[in-house]
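Q: any chance you could fold what I've pasted below:
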Amino acid sequence: MAKIFIVEDEAEIREELIQLVSARTHDGIVGACGSVKEALLLIPSAAPDIILMDIELSDGHSFEILEHLPSTPFSVIFVTAYEHYALRAIKAGTLDYLLKPVKEKELYDALDKASLRPNVLHAVQKEILFDKQSTMLVLKTLNETYFVRHSDILYCKGDGGYTTFFLFDGREITTSTTLKEYETLLPEGLFLRIHKSFLICLNFIISYHHDGFVFLQGGIQVPVSTRKKDLLMQKMTINNA
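A: Numbering: from 1, shown residues only. Okay, here's the model as predicted:
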């Protein structure tokens, strides 16, 4: 049975989440609260497997809870009304990010996924979230969570709401996150969006062809938009200085 803790400052929503979780025979509520202060006090002794967590609480943000519980292994599902926290949640490697009002099926699907994943991921997620010098990125697919070093990414290709990462070792990982969001997460000194559909690692460029494309290691050809040509040449000059 998965042990679930709820952090939600709106009493009505907190009670709704408790009822939805309690209706599942294979999950159990081990605690609930509505503030950062209460969460830091109650979570260690409750030892939950999964936390359903609002982001904006009465006395702060729930990211503070993650920051102050470094040795507590649990999986996090954010439940919030605010879409603008999505990037930080992605970087934290959270298992899911549900927008209010929460739909029963979405909640149950998220809980099912969380129950199948090892809690040991939490320590790595925290390191990536709070270490500004982190050189890793969390990539979530339907069935797996990958921790990928920036230096292993050859390039990324966007296709609507999806992004495929092409790695140095030949792997391809597709996530349901836009290329624009990853452009924000990856270091601008190392990566450049040279086309509306392509974000490349500058370290892997072999040559630039004046008819509008670059060759990356492995003979990979990637198009360069006309308006990004000058910026690309500027970046390459700086990197090779």
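Q: what's the average pLDDT for stretch 104-120?
A: Mean pLDDT, stretch 104-120: 78.
Q: which of the residues in it are buried?
A: Residues of stretch 104-120 classed as buried by neighbour count (16 or more other CB atoms under 10 Å): 107, 110-111, 113-115. No exception for glycine: its C-beta is placed from N, CA and C like everyone else's.
Q: looking at those, which one is closest to Ile43?
A: Ala114 (15.6 Å; CB to CB).
Q: in the protein, which helix or strand is least confident?
A: Each helix and strand of the chain was given a mean pLDDT (mean pLDDT, DSSP states H and E); the minimum falls on helix 121-130 at a mean of 50.
Q: and the helix or strand that it is followed by, which strands flank it?
A: Scanning forward in sequence from helix 121-130 by DSSP states H and E, the next helix or strand is strand 136-140. Sheet pairing of strand 136-140 (DSSP bridges) gives strand 145-149 (antiparallel).
Q: how far is the partner strand from where the chain is centred?
A: 10 Å (CA atoms, centre = their mean, to the nearest Å).
Q: go on, stretch 217-231?
A: So, by CA atoms, centre = their mean, the centroid of stretch 217-231 is 27 Å from its chain's centroid.
Q: what's that stretch in contact with?
A: Defining contact as CB atoms under 8 Å, 6 or more residues apart in numbering, one finds that stretch 217-231 is touched by 154-155, 166, 168, 192-196, 198, 200, 204, 206, 208, 212-216, 232.
Q: now which of those residues would you call buried?
A: Buried residues within the contacts of stretch 217-231, counting neighbours by 16+ other CB under 10 Å: 154-155, 166, 168, 192-195, 198, 200, 204, 208, 213-214, 216, 232.
Q: can you pull the domain assignment for this structure?
A: Residue ranges for the domains of the chain, per the TED database: 2-118, 124-239.
Q: with respect to burial, which of the ones you listed scores highest?
A: Burial of the domains of the chain is given as mean neighbour count (mean count of other CB atoms under 10 Å); domain 2-118 ranks first at a mean of 17.
Q: how far does that one sit from the chain's center?
A: Relative to its chain's centre, domain 2-118 lies at 15 Å (CA atoms, centre = their mean).
Q: with stretch 139-153 instead?
A: Distance, centroid of stretch 139-153 to centroid of chain: 10 Å (CA atoms, centre = their mean).
Q: so for that stretch, mean pLDDT?
A: For stretch 139-153, the mean confidence score works out to 82.
Q: between the two ends of that stretch, what distance do you get?
A: Distance across stretch 139-153, first residue to last, is 12 Å (CA to CA, to the nearest Å).
Q: just to be sure, Glu37 is in a strand?
A: No, residue 37 isn't Glu; it's Lys. No - the assignment for Lys37, made by DSSP: H, G, I helix; E, B strand; the rest coil, is helix rather than a strand.
Q: how near is it to Leu57?
A: Applying CB to CB, to the nearest Å, the value for Lys37 to Leu57 is 9 Å.
Q: same question, Lys229
A: Using CB to CB, Lys229 is found at 47 Å from Leu57.
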